[in-house]
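1. starting from these lines, generate the structure:
(2 chains)
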Protein chains: 2
Amino acid sequence: MLFDLKLVETTYSKILTFETINPHIKNVEYAVRGELAIRAEEIKEELAKSGPGKFGFDTVVNCNIGNPQQLLQRPITFFRQVACLTEYPDLLLPENRDRVKALFPSDVIERAQLMLKQIGSVGAYSHSQGILFIRKDVAKFIEERDGYPSDPSNIFLTQGASTGVQSVLQLIIANSNVGIMIPIPQYPLYSATLSLFDAQPVPYYLNEEENWSLDISQLTSSLSTARDKGLNVRALVIINPGNPTGQCLTEQNMREIIDFCHQQHLVLLADEVYQTNIYQPTERPFHSFKKVLRSMGSKYDQFELFSFHSVSKGMIGECGRRGGYYECTGIDKQVIEQLYKVASVGLCPNVPGQIMVDLMVRSPKHGDKSYPLYQKEMSNIYESLRRRSIKLNELFNSLEGVSCKDAQGSMYLFPRIYLPVKAIEAAKAAGKQPDEFYCLEMLNATGVCVVPGSGFHQEEGTWHFRSTFLPPEELFDGFCERLKNFHKEFLVKYNGLKTI
Amino acid sequence: MLFDLKLVETTYSKILTFETINPHIKNVEYAVRGELAIRAEEIKEELAKSGPGKFGFDTVVNCNIGNPQQLLQRPITFFRQVACLTEYPDLLLPENRDRVKALFPSDVIERAQLMLKQIGSVGAYSHSQGILFIRKDVAKFIEERDGYPSDPSNIFLTQGASTGVQSVLQLIIANSNVGIMIPIPQYPLYSATLSLFDAQPVPYYLNEEENWSLDISQLTSSLSTARDKGLNVRALVIINPGNPTGQCLTEQNMREIIDFCHQQHLVLLADEVYQTNIYQPTERPFHSFKKVLRSMGSKYDQFELFSFHSVSKGMIGECGRRGGYYECTGIDKQVIEQLYKVASVGLCPNVPGQIMVDLMVRSPKHGDKSYPLYQKEMSNIYESLRRRSIKLNELFNSLEGVSCKDAQGSMYLFPRIYLPVKAIEAAKAAGKQPDEFYCLEMLNATGVCVVPGSGFHQEEGTWHFRSTFLPPEELFDGFCERLKNFHKEFLVKYNGLKTI
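-> Below you'll find the model as predicted:
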């Protein structure tokens, strides 16, 4: 009997194995949280257990994700104060008034009261498209930003921009013959989602020489190639400001892109989550695609555009909250109904995230009690980000065999690295991409975790990595020094750059 | 020139139309937020604009969703107090100590401090699988509940149970020939998700006569039929306690189900979100599938089980927060890695939701300062839910042509309704299902919004609806009265029940 049981067990084969699960899941690549990030976690655990002994450093610095508050960026006080009161409305009862008035400015209390009146409890499911009151505020924000009308019924609140992007791609991808144009290098959410939904990426290359700008000729040739292969190319993704590349598009370039999509019958997906991370505001201000589109006149009235935004980026950096929205422009009503139906299967975006969206789009105004502090916090973070972007850029450009374009926007730099032949050989021997190999050596030597360029795709034969410039400013010089020393030692170790 | 432009516009055809989007999205049905819910929203707006004038009521009562806090159930104080302090950690600074100590019990302050120490900021992305500290607490909770070990590395925190269910189904559905067994009636998340991912529902019928119990013979015949058709049936979904049907499975029945899955090589998905909504705790206590499985000995060591839980239900009802978890039992390590990879594309579950999961699984204990209030709040809600379930059940059973099984668990009753021939004819003429027609008449006459049984599927020729028993207790008699009067008038209007 016992023998029989054992037999059953050893012959029982799992239903779910790597071989038998959904093959599209297997095809997903997601480098931002890939091998490097996993190794970084291991080092963190070892450091916590045994101290810095075997490492030359005592902390891991996560420059692999745009996660400002993990690197100690302070949240915006006004936002957190309102969030706090909406979580525990009993604080607004008369018996607590005096104490609460001493702890919170009056406009915070008023805002929380207004919010609760509109929302009810943050613990209740909301409208699946997001709370109407908040969607109205989003529409107003868009109107003020762009100078063109926006309709709350065309806005979907989401759990961060990522889920919004995924919903829209899922809608567009009618079958596996659908192609979606994505930039190279790109934020891997896009390639991962296309793998997951079994669509075909149609890559177009950004021009590194011209500060990662976007040539229409590139779009045209990429599209022709794909259509020649018989793909049904339906949409173009633009990330502006760029991730990982940090460029900010000119208005002229945006007009050309819109024209291209219009002529070629493509839906435009504009990932604009870094719209306030703009570091050359005079030379390269941010323009939304919605605004540029509307400025082009009635010829483009039927143009189909989805624009994404988030509370995770900007100076807010409330990544953990998963809040965001997308606006549908020129999208057929029946199609919006279908998006709503799918949203309703997931019930609703989380309400604390929706509240943060509201705070982002209805921030304190001049004259409000909280305005001076809000303004100071926002501009301090902004100025510091700008300084750090410049400092890190200068560092990269000072290194032998490294060249790096300015950060016009976003939270990242994407330096190109030229690697010694011996390093490339060592990488090959280790079964790794050369830039992955470089980044792993950097992590092991310095504790700094970045993402290899190959995780974002890149022009063949070139190597890059993406680093945020988010380490705290007071530690930034030390951080730069670590990178500099590592790079020097790496070149020495692999016999220097014989070829460039 | 103007003429040309106009020509372009009128001939420009949308890329995205109802005909050209992802056909699987079109196939999704989701009645909980379907026509009834939309009509309810319209009535709400009309009431807000013009008052009750044209209606015989002044409020809409949403009994279509298990959304307790929308119907004024108060959140658990301890949970909200801790959430509040984690949102705005400045309250924990020494200068605020006295005021905050006067507003919050000491164990709340300690818990918030502990949480913040482990989490850092709620505004930072966490580990994609969920914060390890919280997953450890979940594992401990499961161990204490079941008496068997649980491993944090097998636990995924999610944005409510729904996203967990969707991730797991996406994993299992390797192609469109995959069949998934689902109960009828069922919570429409399941049928909707199968449509979305293009898998084949393999329905098995619950036995209404036997209080919606589950016969193994039903499972066997349903599975045979599906396999005869060539489907690759890979998994069985059980909702226990049931939704919409409210039954709670016996341990004996659960053993049979496990045995059936084991013999038939099926993964078991156990939706256990109503595990604390148990209204006959002596006769029908809740057992988790994990516990029953482990109690069956080593023969079942390789058995593959996913168990889902949520902060949205129970006495907590924090639906808007989107917090939940699932535990993988017997799932291959490589498969868990793939689930992790997909989770990482979405970055992380929202951190305030994760915090609520932690609070649920590590609630105040006897001796804690907050325990007496916590205990009182939990038992008041519980007792009230139980009373309301009984009262509504009695009401339904007192109506002519209505029969309703006890609520053993969950938040719903699912009465069967026998409809007059004239009503069925009127429904047909209106292009509606008879139960949908009945529910629409109910909504228009009383403002009470329920969900027609056809939204959950049901045995052919039978008609039901699902109603929560969540309206506040002080309004409950009035609510019952409205339903009673409506039903009487409906029967009169359609000439009574000539056939049953």
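
2. and the contacts of stretch A:130-147?
-> Contact with stretch A:130-147 is made by A:118-119, A:129, A:149-153, A:155-158, A:288, A:290-291, A:294, A:325, A:327, A:348-349, A:351, A:354-355, A:357-358, A:361-362, as judged by C-beta atoms under 8 Å, 6 or more residues apart in numbering or on different chains. Every C-beta, even on glycine, is put in place using the N, C-alpha and C of the backbone.

3. if you could redo that for stretch A:79-97, that was the one I meant.
-> Contacts for stretch A:79-97 (C-beta under 8 Å, 6+ apart): A:100, A:104-105, A:108-109, A:111-113, A:115-116, A:119, A:121-122, A:316, A:318, A:352, A:355-356, A:359-360, A:370, B:77, B:80-81, B:83-85, B:87-88, B:90-91, B:103.

4. still on that earlier bit, now the contacts of stretch A:130-147: which count as buried?
-> Those of those that meet the buried threshold are A:119, A:129, A:150, A:152, A:155-158, A:288, A:290-291, A:294, A:325, A:327, A:348-349, A:351, A:354-355, A:357-358, A:361-362, by 16 or more other C-beta atoms under 10 Å in any protein chain shown.

5. gap between the two ends of stretch A:315-330?
-> 30 Å (C-alpha to C-alpha, to the nearest Å).

6. what's the answer for stretch A:319-332, then?
-> 31 Å.

7. is it in proximity to chain B?
-> Yes. Stretch A:319-332 comes into contact with chain B (C-beta under 8 Å from any C-beta of the partner chain), by way of A:319-322, A:330-332.

8. again, but for stretch A:442-459
-> No. Counting by C-beta under 8 Å from any C-beta, chain B has no neighbours in stretch A:442-459; the shortest distance is 12.1 Å.

9. which residues belonging to that stretch are considered buried?
-> Quick answer for stretch A:442-459 (16+ other C-beta under 10 Å): A:442-443, A:445-458.

10. ok, stretch A:425-435 next?
-> Using 16+ other C-beta under 10 Å as the test for burial, stretch A:425-435 gives A:426-427, A:432-435.

11. stretch A:56-72 too?
-> Applying 16+ other C-beta under 10 Å to stretch A:56-72 flags A:57, A:60-71 as buried.

12. can you give me the strands in the stretch 351-500 of chain A?
-> A:402-403, A:412-413, A:416-417, A:448-449, A:451-452, A:465-468 (DSSP state E, counting those that start in this stretch).

13. kindly report the same for chain A.
-> Taking DSSP state E, the strands of chain A run over residues A:61-62, A:155-158, A:178-184, A:200-205, A:232-239, A:267-271, A:305-310, A:324-329, A:402-403, A:412-413, A:416-417, A:448-449, A:451-452, A:465-468.

14. could these go into CSV alongside mean pLDDT and distance to B:Val267?
-> Below are these laid out as CSV (pLDDT from 0 to 100; distance: least, C-beta to C-beta, whole Å):
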stretch, mean pLDDT, distance to B:Val267
strand A:61-62, 90, 35
strand A:155-158, 98, 30
strand A:178-184, 97, 30
strand A:200-205, 96, 30
strand A:232-239, 97, 35
strand A:267-271, 98, 35
strand A:305-310, 98, 35
strand A:324-329, 98, 33
strand A:402-403, 95, 50
strand A:412-413, 96, 40
strand A:416-417, 96, 45
strand A:448-449, 93, 35
strand A:451-452, 94, 34
strand A:465-468, 95, 38
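
15. in TSV: the ones you listed, plus distance to B:Ile182.
-> As requested, the strands of chain A are exported to TSV (distance: least, C-beta to C-beta, whole Å):
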stretch	distance to B:Ile182
strand A:61-62	41
strand A:155-158	28
strand A:178-184	29
strand A:200-205	32
strand A:232-239	32
strand A:267-271	34
strand A:305-310	33
strand A:324-329	31
strand A:402-403	56
strand A:412-413	44
strand A:416-417	52
strand A:448-449	43
strand A:451-452	40
strand A:465-468	43
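
16. so where's chain A uncertain?
-> Applying pLDDT under 70 to chain A picks out residues A:1-11, A:31-33, A:498-500.

17. out of the buried residues of stretch A:56-72, who's near chain B?
-> Restricting the buried residues of stretch A:56-72 to those near chain B - C-beta under 8 Å from any C-beta - leaves A:65, A:67-70.

18. just the residues you listed now: which is nearest A:Leu171?
-> A:Ile65 (27.2 Å; C-beta to C-beta).

19. I'd say that closest one and A:Gly455 touch.
-> No. Counting by C-beta atoms under 8 Å, A:Gly455 is not a contact partner of A:Ile65; they are 11.9 Å apart.
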